[in-house]
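J.: got a sequence here, can you model it:
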Amino acid sequence: MTYAFEVPGRPGSKQSVRFGQTRAYQPARVVNYHALVATLARQAIPTPIEGAVAVHLAVWLRTPASWSKKRKAVLNRATTRPDADNIAKAFMDGMNGVAWHDDKQVVDLHITKGYGTRDVVVVSVTEL
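T.: Here you go, the predicted structure:
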């Protein structure tokens with residue numbers, strides 16, 4: 001069974017833990033993005049998957065308006081921030097306990113970054 005959903009907006013990325021005077025914490029922006037991913041995953045996936053899982057993240061970033069039509073036609077792979085591995089970490093954390101019980105169940109992870117007409121991440125979760 002394959003489940004799919006979209007997370008609108010520019011993708012958030014997992015950041016290193018920040019340290020305050022007395023404790024470690026994640027910035028609110030990171031925590032809010034994990035919650036958004038979890039909410040949308042919960043709507044698409046009725047119960048956590050029990051076995052092995054394959055995940056595909058198609059990250060689409062809005063093409064810069066300053067680019068010419070020629071440049072837009074030639075460059076379709078996004079090599080800008082956020083980094084693909086940090087996007088994956090954010091999604092793995094957001095879907096943990098929602099799409100699957102533990103992220104150790106993910107045995108296949110594929111990430112694609114490209115330019116498009118809007119900022120969005122298209123998520124596909126397949127039960128293997």
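
J.: can you give me the strands in the chain?
T.: 2-8, 18-19, 24-25, 53-62, 106-116, 120-127 (DSSP state E).

J.: least reliable of the ones you listed going by mean pLDDT?
T.: For those, the stretch scoring lowest in mean pLDDT is strand 18-19; its value is a mean of 58.

J.: of all the strands of the chain, which one comes closest to residue 84?
T.: Nearest to residue 84 among these is strand 106-116 (4.6 Å), distances taken as Cβ to Cβ. Heads up, the C-betas are built off the backbone N, CA and C, glycines and all.

J.: now that closest one: how far from the chain's centre is it?
T.: 9 Å (Cα atoms, centre = their mean, to the nearest Å).

J.: now do it and strand 120-127, the angle between them.
T.: Going by axes from the mean of the first three to the mean of the last three Cα atoms, to 10 degrees, strand 106-116 is angled at 160 degrees with respect to strand 120-127.

J.: check contacts around the residue nearest to the spatial centre of the chain.
T.: What sits nearest the mean C-alpha location of the chain, by Cα atoms, centre = their mean, is residue 91, with 4.2 Å. Residue 91 is in contact with 37, 55, 57, 121, 123, counting by Cβ atoms under 8 Å, 6 or more residues apart in numbering.

J.: among the strands of the chain, which comes closest to residue 43?
T.: Here strand 2-8 is closest among the strands of the chain (Cβ to Cβ), at 6.9 Å.

J.: partner strands of the closest one and their direction?
T.: Here strand 2-8 has these sheet partners by DSSP bridges: strand 120-127 (antiparallel).
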